[in-house]
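[1] the sequence and its predicted three-dimensional model are supplied below.
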Amino acid sequence: MDAGPTQKPWSIFAAVVACFLLFSAIGVQQPPRLSGIPQPLHADEAVQWSRAMEMSEGIPYSTNEDRFHGPTLATSLLVASKLTGTAFTDMSETYLRNVAGCYLILLSFAALALPGASLVSRVTATAFCFLIGGGAPFGFYFVQEVLLVAGLAWGAVLWLRADTSERKALWRLLSGVAFGFALACKVTAAAYLLFFFVALMIVRKPWADRHLPGFIFGLIFSWAFFQSVAFTDRHGLASWWGQLARSFGVASGRSDDTLTAVSYWPWIWGALWLAEFSLQRFLRERFVPFRSSSTDFILVFVGLIFCFHLALPYKTPWLLYGVMALPLVLLVPSLLGEDWRRDALLLFGLLVSAAYAAGDFATHSETARAPLREFEQRVARLSQEYKGGKFYIAVADGGHYWPLPYYLRKYPVGFGNFPQAAQAPLRLIPVTDTSEPAVPGYAVTSLTLREGGDRYWVLVAKGYETGFPPQK
């Protein structure tokens with residue numbers, strides 16, 4: 001008698017998987033092919049490398065007007081440099097991303113600490129989260145989002161563990177420490193923390209108890225510690241509030257830095273991702289009232305994050321990393337373990353979802369791979385072949401687009417106007433119109449760092465232009 005009702009919803013779940021395949025067939029780009037050559041750095045990756053290098057030279061993170069987010073990622077790279085003895089000029093893209101990969105491991109390990117699930121389920125969820133990069137390609141990028149979401153995941157897990165432990169004060173304190181780390185990563189975490197408590201109230205979970213002061217202490221101390229780089233950059237505490245004020249203008253669309261949606265496909269994937277988990281909750285706990293299921297709190301928490309970013313004009317797929325990754329470590333362990341066929345179907349559906357969504361996530365503001373790799377090789381040859389004295393590069397005003405300093409890191413480079421710029425063997429000038437510059441003593445080619453923008457005229461000293469054919 002019960003077989004009929006049980007089979008029907010599972011056929012609905014199969015239909016959801018089919019919908020993902022259908023959406024992929026009607027115009028979604030496939031994920032980029034993997035190769036032995038690392039993907040060039042995105043601007044948000046390269047800027048953190050630049051900040052870390054400046055920190056190694058004694059320049060506080062908070063004093064740079066072009067800082068992005070908090071200092072945690074740059075600090076992590078600085079620590080990695082000291083531990084491995086690697087100079088900043090020797091750091092490959094793979095090296096940088098391995099630093100972020102450590103935080104992806106930390107994020108995935110949050111599933112191991114989740115209470116109320118079997119060890120096998122938690123280990124499976126941990127491995128699955130890491131293998132698919134937290135549900136988006138950004139998990140393998142050198143970006144702040146991986147650190148932010150790792151802090152959020154551990155904050156939520158430790159809070160939930162406090163509810164089931166006799167040592168509640170300790171877990172609440174540690175939860176505050178994790179959330180404080182997230183706050184030091186990005187000011188957006190302040191909104192996420194608010195949504196965390198709103199979700200607790202929606203599902204009627206108690207939170208204002210005698211252990212709350214310990215949570216607040218851990219939160220403030222951890223935020224201050226990481227934001228000030230172990231209390232060595234106290235101006236960083238004030239700069240966080242400046243970033244928070246700036247974020248209101250950016251998020252509301254009133255700032256020049258506001259990025260509107262190039263494509264809404266990532267947002268469609270995010271909505272379907274949450275729908276998939278919500279359907280799982282219905283299939284496994286059909287008759288459990290809302291607020292009574294352990295999964296409802298997480299669904300509400302992540303759902304609020306998604307709706308928050310969906311409502312605001314500022315749109316970049318980086319914002320969806322928490323939406324994709326948090327359910328993997330906070331929900332998957334509790335959804336596994338009932339039946340191997342159901343578990344396989346769940347993981348297969350998530351794998352299909354992540355695989356087909358990856359193309360749209362990864363192609364956002366992508367650095368042009370082929371032109372940049374060719375430019376690297378040509379500059380290396382030119383530096384070796386140049387016989388006119390010391391080799392150096394001059395980059396004109398406005399040409400400090402962030403991947404460029406990283407890819408010129410092994411050579412003497414001058415940015416802006418300086419006396420020797422006009423005699424530099426290699427000069428780069430940002431393209432502002434279609435007219436090609438004519439400069440005596442130089443041959444002209446071009447370089448595109450990012451499709452749709454950030455293009456340079458490349459001026460090469462006469463006699464060495466054979467290594468720099470005009471770009472098609």
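    Noted; the coordinates are in hand. Numbers count the residues shown, from 1 in each chain.
[2] can you pull the contacts of P40?
    93, 367-369, 372-373, 403, 407 (CB atoms under 8 Å, 6 or more residues apart in numbering). Backbone N, C-alpha and C define where each C-beta goes, glycine included.
[3] hang on, it in a helix?
    No. Counting by DSSP: H, G, I helix; E, B strand; the rest coil, P40 is not found in a helix; it is coil.
[4] ranges for the strands of the protein?
    393-395, 413-415, 426-430, 442-450, 453-461 (DSSP state E).
[5] separation between A184 and S292?
    35 Å (CB to CB, to the nearest Å).
[6] these two: which is more packed in?
    Shown here are A184 and S292; by other CB atoms under 10 Å, A184 has more neighbours (28 against 11).
[7] what sits closest to the more buried one if chain neighbours are left out?
    Nearest residue to A184 in three dimensions, chain neighbours excluded: F226, at 3.6 Å (CB to CB, 6 or more residues apart in numbering).
[8] for P71, see how far away that neighbour is.
    8 Å.
[9] mind listing what the residue nearest the centre of the chain touches?
    The structure's the chain has its C-alpha centroid closest to E145; by CA atoms, centre = their mean the separation is 3.4 Å. Shown in contact with E145 (CB under 8 Å, 6+ apart): 138, 186, 318, 321-322.
[10] distance from the chain centre to stretch 207-215, please.
    31 Å (CA atoms, centre = their mean, to the nearest Å).
[11] let me redo that: stretch 269-280
    21 Å.
[12] pLDDT (mean, whole number) over it?
    Averaging pLDDT along stretch 269-280 gives 88.
[13] on that earlier part again, any of the contacts of P40 buried? List them.
    93, 367-368, 372, 403, 407 (16 or more other CB atoms under 10 Å).
[14] now, which of the contacts of E145 lie within helices?
    321-322 (DSSP state H).
[15] how about the contacts of E145, which pair is most distant?
    Of all pairs drawn from the contacts of E145, the one with the longest distance (CB to CB) is F138 and K186, at 13.2 Å.
[16] look at those two and report which has more neighbours.
    Between F138 and K186, counted using other CB under 10 Å, F138 has the larger neighbour count: 28 against 25.
[17] any idea how far Q227 is from the residue nearest to that one when sequence neighbours are not counted?
    Nearest non-adjacent residue to F138, counting by CB to CB, 6+ apart: Y321, 5.0 Å away. Separation of Y321 from Q227 (CB to CB) stands at 21 Å.
[18] for G399, same thing?
    Counting by CB to CB, the gap from G399 to Q227 is 31 Å.
[19] domain-wise, how is the protein divided?
    3-362, 369-467 (automatic domain parsing).
[20] from those domains, which stretch is densest packed?
    Across the domains of the chain, averaging neighbours per residue (mean count of other CB atoms under 10 Å) puts domain 3-362 on top, at a mean of 18.
[21] now do that domain: distance to the chain's middle.
    Counting by CA atoms, centre = their mean, domain 3-362 comes out at 9 Å from the chain centroid.
[22] check contacts around T295.
    277, 281, 285, 331, 334-335.
[23] likewise for A230?
    Going by CB under 8 Å, 6+ apart, the list of residues near A230 is empty.
[24] so what's the backbone phi/psi at it?
    phi 60, psi 40 (degrees, to the nearest 10).
[25] right, and V250 touches K315 too?
    No. The criterion here is CB atoms under 8 Å, and V250 misses it with K315 at 11.2 Å.
[26] before we move on, back to that, among the strands of the chain, which comes closest to A150?
    Among these, strand 442-450 sits nearest to A150 (CB to CB), with 27.8 Å.
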